[in-house]
Structure formats: structure tokens, C-alpha cells
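Peer 1: I'll drop the sequence and a predicted model, then ask my questions.
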Amino acid sequence: MAGSVCRVDESSPRRPAAVRWIDGLAGLLTAGMLVVGAVWLVGRLLAPSFVPAAGAAGGSGPWWGIGLHLLVGALGEFALRRRSNRRAGPRLVVDLAVIATVAAVLWFVWGR
């Protein structure tokens, strides 16, 4: 379209760089939780058929860890989608809560 003008939505102000960076980190962590949970689940389901053929013991690890990764990842994504049009203050609170929850799950499942 010749002569068309691209309009920018002026209703939502540009967020500070630190808030945008923390937004990205929170989104990356929740997506990572979902990916790790899904890969762990698939590996856990397929391990009984592959591991004995290699002469090793069966798959180990808690099933609740898989569920916890998937649950925190899904709830984190839900929380991040719900906060999309908020101001920087409430947005930052949701981001920091998500980051803290992911950190707690990672410590509890992998770091103990």
C-alpha cells in the first residue's frame, strides 16, 4: 500500500529496560520449565525400553519432579499472560514472583 502510515499504539507506554529484561527472563524461565518437564517426561517414559538394552539399571528419579516442573511452567506462563497490560510496578511483582518460584523448584528438585 503506497502512502500508508504505520501507527504505533500510544496507549501503552514504553517500559523501562530493566522491566523488559526481567519480563524476558521470567518468560524464558517458565518456558524452560515446560521444556525440561516435557523432555524429562518423555525420557522417563521411554527409558524402560532403552536402558535395559544398554545393560544399565532402569530409569530413576521422582515422578513428582516432572509434575512440579510442568505445573510451575504452566502456572508461570498463565501468570505472565495475565499481567501483559499492567503498569511496570504490578508487572515487576508478577515477574519476580515467577522467577522466585522457578528458582525454588530448581533448588528443591535439582540442588538438594
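Peer 2: Ah, there it is.
Peer 1: buried sites along the longest helix belonging to the chain?
Peer 2: The residue-count maximum for a helix in the chain (DSSP state H) belongs to helix 17-50. Residues of helix 17-50 classed as buried: 19, 22-23, 26-27, 29-30, 33-34, 36-37, 40, 44, 47 (neighbour count, 16 or more other Cβ atoms under 10 Å). Where you see a C-beta, it was placed from the backbone N, CA and C, and this is true even at glycine.
Peer 1: and these, which two are the farthest apart?
Peer 2: Largest separation among the buried residues of helix 17-50 by Cβ to Cβ: Val19 and Ala47, giving 41.5 Å.
Peer 1: any low-confidence regions in this structure?
Peer 2: Filtered on pLDDT under 70, the chain yields the residue ranges 1-13, 49-61, 84.
Peer 1: again, only this time at 50
Peer 2: Low-confidence segments of the chain (pLDDT under 50): 8-9.
Peer 1: distance check, the residue most central in space within the chain against Trp40.
Peer 2: The chain has Thr30 as the residue nearest its centroid, 0.7 Å off, counting by Cα atoms, centre = their mean. From Thr30 over to Trp40 the distance is 16 Å, taken as Cβ to Cβ, to the nearest Å.
Peer 1: next one: Thr101
Peer 2: Taking Cβ to Cβ, one finds Thr101 at 18 Å from Trp40.
Peer 1: one more: Leu80?
Peer 2: Distance from Leu80 to Trp40, by Cβ to Cβ: 22 Å.
Peer 1: again, but for Asp23
Peer 2: For Asp23 relative to Trp40 (Cβ to Cβ), the value is 26 Å.
Peer 1: distance of the nearest residue to Ile99 once chain neighbours are set aside from Val72?
Peer 2: Sequence neighbours aside, Ala26 is the residue nearest to Ile99 in space, at 5.4 Å (criterion: Cβ to Cβ, 6 or more residues apart in numbering). Distance from Ala26 to Val72, counting by Cβ to Cβ: 12 Å.
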